[in-house]
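Asker: Provide a 3D model corresponding to the input given below.
(one chain, ligands or ions: 1)
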Amino acid sequence: VCSSPKCVQLSGEILSRMDLTVDPCDDFYEYACGGFIRSPLVPTDSSKWGTTSVMDKTNKFLVKQVQRVLRGSSNDAVNKAKLMYKSCLAVPEDAGQRLQSMLKVVGSWPIVTPGLSWSEDTWQFETALAIARKRYTQAIFWVYVSEDDRNNTFNRLNFNQATSFFPDATAFNGSKAASNRAALDSLVIRLVQLLGGDEESARAILDDLWHLDKALAEVGIIDTRLHEPFNGLPSQIKLTLIEYRADVRKRYNLMTLQELQTLIGPGLNISLFLDELFEEHIPLTETVIVRVPTMFAQLGQVLSKAKKSTLATYISMQALWDNAHFASLEFRDAIEDFKAKLAGGKNEVPRWQSCITDTVDALGFAVSALFTEDHFTTADKREVVQLLENIRESFLDSIPSLAWMDDVTKASAVEKATKVSHKVGFPDFIRSKDKLDEYYSDLVITDDHFQNQAAEFRYSSLKNLQKRGQKVDQGEWPPHTSPTVVNAFYDPQKNAMIFPAGILQKPIYHSAYPRALSYGAVGTIMGHELTHGFDTSGRRYDPDGNLFNWWGNISAREFEHRTQCLVDQYNKYELKGMKKCSLQMSGGLTLAENIADNGGLRLSYRAYQTWRTENEDTKLVGLNLGLNQMFFLGQAQTLCTVIKPSFVAHILRNDVHSPAKFRVLATMQNMEQFSEAFGCPKGSPMNPDNKCVIW
Ligand SMILES: [Zn+2]
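Answerer: From the prediction side, this is the model:
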């Protein structure tokens, strides 16, 4: 038992999150997290606050501290980050003027520009849309470059559906439609007035804007809201969206630009749009990936029916939607108020934190250079990689005994798990001042926050579009994943896991922690990411990350059959929302994450047992828990989360992860080893007879 001051401190931190009055066999989540949940330190203005929120805030604070360090010349990437942060904190002047000039670039919005001679004859839809896409926003549909799902060494142009002002098409139908309409109306009127226009001309466009947004949303596929009642939606949409969710192959459709043009019809001239976007002629023989063909098949009709002035309004509103909050606090409040009406409350974030977020989004590698020097050492990296390898071994060891999988499929599963690569901490180039400065050399940062954001959009957009037709850089760290983020990822197309330094911090990871805690916390997260390669979507990609089937028919059927057990299990959980009203969660929406959660805990538990056969671990003074008990506590305490009742409905509808409480309860209920560790009798709440096991 370790009783050093550091161990005493760690014990104290762990105990403060617990509620020892709860029987761990009754409700392990309350036992592990009751203290955290009822802590007076939980901010009352936050929609959702958990262990990772505390880490996120700490990281932001550390990044802010780093901003104080003085370095180098004006072309120094770190100095750009500092200037970006400073410009964000400053109170901007002439916000309206800046936005007016943005609107002029994207083709102008007649009702806010007095004296403008806007004419349907000279305004050109495709040109306006392409310029908006280059400089400020992705409106109407998304265009970007990513690796080809079936040849992941090659980068192709992608066409995908865009987001509307609302989460999805259900917003325009049913009980919420009237209040949503009112919210959008008041947003438009407020923006128009802030821009110097008058309410009357704003009101004149509200109907058309609402109907265009509705039409665009309804031709798209609702991606993550499977259990929403689809009031009033055409029946073929209900069908396609369920198939679409269930099968990632439906999102992969190769066609030439000519074929795409034929699919869309006369409402949009693809050539005009692309030639303006790339500033060169793009031949229609080029093959592209169309993610949602059903949407593009109907898009042409929607666009043909819309008035040109409505399309101009729509592009302008999208540009404002994505950029106005950088211009001034009044504009920001207008947009935040709208979002708050939809989500069930405002998520208040202190100004310095949102400025750090903006800075990290734009210059993530620059802020990470100093952050990682102080908070993620080479020794940390070595140890984390070793842990990862042990988790991988645990997965490989478990394959031979899977009774439901045939031998050929097993061999491929072993190959896939063996080939999973990982990126840990940060990309090496950020430690070289020259390479880091070179990376951001084309990004010009001034003391004007709005211009900085626009510059960043243009810079990233160009960087992405330039990859079209190029070979994929396999070793590349994902461009918008800052090493400071508190998150981890699995990329099925690269068959790679990414663990940024930001998540490899206390209380998820520390080199001095007993291994029971490390395996429970960070080990489970590693197992979670690895299992994503074998969840409902990840399993569709082969060992090299290409979308080719490697499953025998019977094994695939057995897998699907086993997922149903998890769907049924999670469907039974309920959370209290507003007025203590119980809301059911969706086992279908959260299935892939639940597979990863269950696989992750199991893999890490086995890896820890293997590690213990050759190593000694230490218990902690005052905690009074065995090592296996500490392992399970380690997992649970990474997930402690408080959700404001007014946000519960929104989260259950939109989050593909289960609420934290069930990420803990369900995974523990499925593991016999948990009940053994805590001596939970058969039939007690934490030890039900039925256990769902896949990996
Ligand atoms: Zn996940």
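
Asker: how about the nearest residue to the residue in the stretch 351-500 of the chain positioned nearest to the ion, chain neighbours excluded?
Answerer: The ion sits closest to Y490 of the stretch 351-500 of the chain, with a gap of 7.1 Å, by Cβ to the ion. No exception for glycine: its C-beta is placed from N, CA and C like everyone else's. In this structure, Y490 finds its nearest non-sequential neighbour in H532, 3.7 Å apart by Cβ to Cβ, 6 or more residues apart in numbering.

Asker: check contacts around the one you found.
Answerer: H532 makes contacts with 490, 492, 538, 592, 596, as judged by Cβ atoms under 8 Å, 6 or more residues apart in numbering.

Asker: Go through those and give me the one with the most neighbours.
Answerer: A596 (26 neighbours; other Cβ atoms under 10 Å).

Asker: Can you show me the CA trace of the host helix or strand of L157 as PDB?
Answerer: According to DSSP states H and E, L157 maps onto strand 151-161. The C-alpha coordinates for strand 151-161 follow below in PDB (Å, rounded to 0.1, in the frame of the first residue of the first chain):
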ATOM      1  CA  ASN A 151      -8.200   3.300 -52.400                       C
ATOM      2  CA  ASN A 152      -7.000   5.100 -49.300                       C
ATOM      3  CA  THR A 153      -3.800   6.200 -50.900                       C
ATOM      4  CA  PHE A 154      -5.600   8.500 -53.200                       C
ATOM      5  CA  ASN A 155      -7.400  11.800 -52.500                       C
ATOM      6  CA  ARG A 156     -10.700  12.500 -54.200                       C
ATOM      7  CA  LEU A 157     -13.200  15.300 -54.400                       C
ATOM      8  CA  ASN A 158     -16.300  14.600 -52.200                       C
ATOM      9  CA  PHE A 159     -19.900  15.900 -52.400                       C
ATOM     10  CA  ASN A 160     -21.900  15.700 -49.300                       C
ATOM     11  CA  GLN A 161     -25.100  17.300 -47.800                       C
END
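
Asker: Dump the contacts of H532 to a markdown table, plus distance to P43 and secondary structure.
Answerer: Output for the contacts of H532, formatted as a markdown table (distance: Cβ to Cβ, whole Å; DSSP: H, G, I helix; E, B strand; the rest coil):
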| residue | distance to P43 | secondary structure |
| --- | --- | --- |
| Y490 | 31 | strand |
| P492 | 35 | coil |
| G538 | 35 | helix |
| A592 | 30 | helix |
| A596 | 29 | helix |
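
Asker: and those, which two are the farthest apart?
Answerer: Longest distance between any two of the contacts of H532 is 12.0 Å, between P492 and A596; criterion Cβ to Cβ.

Asker: ok now do K341, which residues does it touch?
Answerer: 179, 183.

Asker: Oh, that last question was meant for T287, not what I typed.
Answerer: 156, 254-256.

Asker: Next: I111.
Answerer: 192, 197, 201-202, 204-205, 313.

Asker: Roughly how far does it sit from the ion?
Answerer: 44 Å (Cβ to the ion, to the nearest Å).

Asker: Check the secondary structure at that residue for me.
Answerer: Look at I111: counting by DSSP: H, G, I helix; E, B strand; the rest coil, its state is helix.

Asker: that older thread, in ChimeraX, how would I select just the buried ones from the contacts of I111?
Answerer: Buried residues among the contacts of I111 (16 or more other Cβ atoms under 10 Å), as a ChimeraX selection:
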select :192,197,202,205,313
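
Asker: what separates A362 from V66, distance-wise?
Answerer: Distance, A362 to V66, using Cβ to Cβ, to the nearest Å: 15 Å.

Asker: between those two, which one's more packed in?
Answerer: A362 (26 against 21).

Asker: OK, contacts around I445?
Answerer: Neighbouring residues of I445 by Cβ under 8 Å, 6+ apart: 80, 83-84, 87, 363, 452, 455.

Asker: hmm, 6 Å instead?
Answerer: Applying Cβ atoms under 6 Å, 6 or more residues apart in numbering, we find I445 in contact with 80, 83-84, 452.

Asker: before we move on, what about C33?
Answerer: With Cβ under 6 Å, 6+ apart, C33 has these contacts: 17, 640.
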